[in-house]
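> sequence plus the predicted model coming up.
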Amino acid sequence: MQYLSTRGGISPIPFTKAVMMGLAEDGGLLLPRTIPRVGSETLNSWQKLSYADLAFEVMSRFVDDIPSSDLKEIIKRSYTTFGAEDITPLVHKGDLHILELFHGPTLAFKDVALQFLGNLFEYLLAKNQSVLNILGATSGDTGSAAIYGVRGKDRINIFILHPHQRVSKVQEKQMTSVLDANVFNIAIRGSFDDAQTIIKKIFTDIEFKNTFNLGAINSINWARVLAQVVYYVRSWLHVAQHEKDSSVDFSIPTGNFGDIFAGYIAKKMLPAGAIRQLVLATNDNDILARFVNNGDYSLGEVKRTSSPSMDIQAASNFERYLYYLMDSDAARTKELMEEFAEHGKIDLSGSQDLIRRDFAAATISEADVVQTIASFHQKYDYVLDPHTAVGVKAAQQFKTVSVPMVCLATAHPAKFGQVVESAIGSPPHVPESLVGIIDKPSRCEVMDSDKKTIQDFVANNGLRA
Ligand SMILES: Cc1ncc(COP(=O)(O)O)c(C=O)c1O
């Protein structure tokens, strides 16, 4: 499988090169040249596969430059760290299916992709006799999933910046209590935006970037999207079999358009109508819902909500969908993204019919998040985290009698204990991996929000090829 840029400025490259490149060199995002379709007979033969075996079947259709036995082994190893035998179990509550994606080491859906990506990086670096220094900023959740993805791995060091005292204590400890020698936590005296700005500036220093082979681990990496396609296919197989119905809807709490884009790829792979509709659920940061409902993709102010991982305006994976919406016209995609960069908005109201063929969207208020957590707990004795509650509330709005609905549960409620407690009146159950975490020894450097200070630290502690 060859990979292309959404902006058309690079020659086609194979999967492994796309993984190492992350962002395409022309500033676009990488996509497979085609989306392989899977027929009913093949799907029948996948019904009883284990998670890892199904992941291999799905992913291998997009990967032809890693020997099958190696890819199988990488995938298998990636899911041994999960606390649920089924990796991403589906539970049935009322008329909804809840897809629990939070059984990985950091209790969030990001583990599903980042455990795989860490092992894939390790494998590719060993093959190429190369090294990688991962540099990223986090507002809380991605940092720990990235750190757990690469902790203790040869040939990889990871530097994660977070805003000092502006992430929750649990989030901070999930990152800083990882004491492996290749993990460097840096708390910046400043905001998440300050941290992100420093990272962006360091990445534009091409000489430094090349000397240290700097890599990113955010959701623009195609391997992350690919790993997430698997659980859509798996849920479809299970629900379609269980409900004897071949059409399924999904509801997805969305910020960066990453997880829902994986659903869109799954929709394209499966037979027509298998995934009927993807419900895009946002919190008060509603740019993506406005896009689906009115074709209005225009930046607003970032609002703080109880689902902070979705407090985002410009969605980093949106460009991938835009490329398909423009019928794979890279020149038009580039033009539109440039227009967005310049004016902070693009008008896609002319594409409404096409968008609505795949998506429905809702914006869920803060009050509705709390009310949904409370009522779900009361009715089903089941605790939702605030992100999942955004998706569940939207699912309730769009659920139709005849089509099963799967809601993606993207984080464990204990990660957002305060909000959950305010909704249900008691703290959520704390899983074993978080018990006592606050008192664990930790390692973290507190630094001024200054590019040179950070760059010097990376230079002193980074691996050199
Ligand atoms: C818990 C949780 N739910 C949902 C999302 C939204 O996912 P995406 O950014 O892929 O749309 C995130 C993203 O960071 C998250 O951490």
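Cool, got the structure. Source: prediction; values computed, not measured.

> low pLDDT regions in the protein?
Counting by pLDDT under 70, the chain shows low-confidence ranges at 243-245.

> quick check: residues of it near the ligand?
Within reach of the ligand by CB under 6 Å from any ligand atom, the chain has these residues: 108, 141, 219, 253-260, 309-310, 387, 410-411. In short, each C-beta sits where N, CA and C put it, glycine included.

> quick one: which of those residues has the most company?
residue 254 (33 neighbours; other CB atoms under 10 Å).

> gap between it and residue 313?
Remark: distance between residue 254 and residue 313 (CB to CB, to the nearest Å) = 12 Å.

> one more: residue 346?
In terms of CB to CB, residue 346 sits 13 Å off from residue 313.

> do residue 436 as well
37 Å.

> looking at those two, which has the bigger crowd around it?
residue 313 (16 against 11).

> what sits against the more buried one?
The neighbourhood of residue 313, defined by CB atoms under 8 Å, 6 or more residues apart in numbering, consists of 285, 287, 299, 300, 301, 302.

> these two touch, right, the second one and residue 299?
Yes - counting by CB atoms under 8 Å, residue 287 touches residue 299, with 6.6 Å between them.

> any residues in contact with both of these two?
313, 314.

> who has more neighbours out of the two?
For residue 287 versus residue 299, neighbours defined as other CB under 10 Å are more numerous around residue 287 (22 against 12).

> quick check: closest non-adjacent residue to that one.
Leaving aside its chain neighbours, residue 287 sits nearest to residue 313 (5.4 Å; criterion: CB to CB, 6 or more residues apart in numbering).

> in the stretch 101-250 of the chain, what residue lies closest to the ligand?
residue 141 (4.4 Å; CB to the nearest ligand atom).

> so which helix or strand takes in residue 160?
strand 156-163 (DSSP states H and E).

> phi and psi next, for residue 276.
phi -80, psi -50 (degrees, to the nearest 10).

> switch to numbering from 448
Got it, the first residue is 448 from now on, which makes the last one we talked about residue 723.

> do you know how far it is from the ligand?
For residue 723, the distance to the ligand (CB to the nearest ligand atom, to the nearest Å) stands at 20 Å.

> residue 465 too?
19 Å.

> that's a strand at that residue, yeah?
No - with DSSP: H, G, I helix; E, B strand; the rest coil as the criterion, residue 465 is helix rather than part of a strand.

> surely it meets residue 667?
No - under the criterion of CB under 8 Å, residue 465 is not in contact with residue 667, lying 10.9 Å apart.

> more neighbours, these two?
Neighbour totals were compared for residue 465 and residue 667, and residue 465 leads with 28 against 20 (other CB under 10 Å).

> residues touching the nearest residue to that one once chain neighbours are set aside, list them.
Among residues not flanking residue 465 along the chain, residue 450 sits closest, at 4.0 Å (CB to CB, 6+ apart). Listed by CB under 8 Å, 6+ apart, the contact partners of residue 450 are 459, 460, 461, 462, 464, 465, 477, 478, 479, 480, 669.

> following element in sequence after the helix or strand containing residue 450, please.
According to DSSP H and E, residue 450 maps onto strand 449-452. Later in the chain than strand 449-452, the nearest helix or strand by DSSP H and E is strand 460-461.

> that following strand pairs with which strands?
If you go by DSSP bridges, strand 460-461 pairs up with strand 449-452 (antiparallel).

> in the stretch 598-747 of the chain, which spans are helices?
For the stretch 598-747 of the chain, applying DSSP state H, counting those that start in this stretch gives helices covering 616-623, 639-651, 653-658, 669-690, 705-716, 734-741.

> other SSEs contacting the shortest one?
If I follow you right, that is helix 653-658. Helix 653-658 sits against helix 639-651, with contacts defined as 3 or more CB pairs under 8 Å, 6 or more residues apart in numbering; DSSP states H and E.
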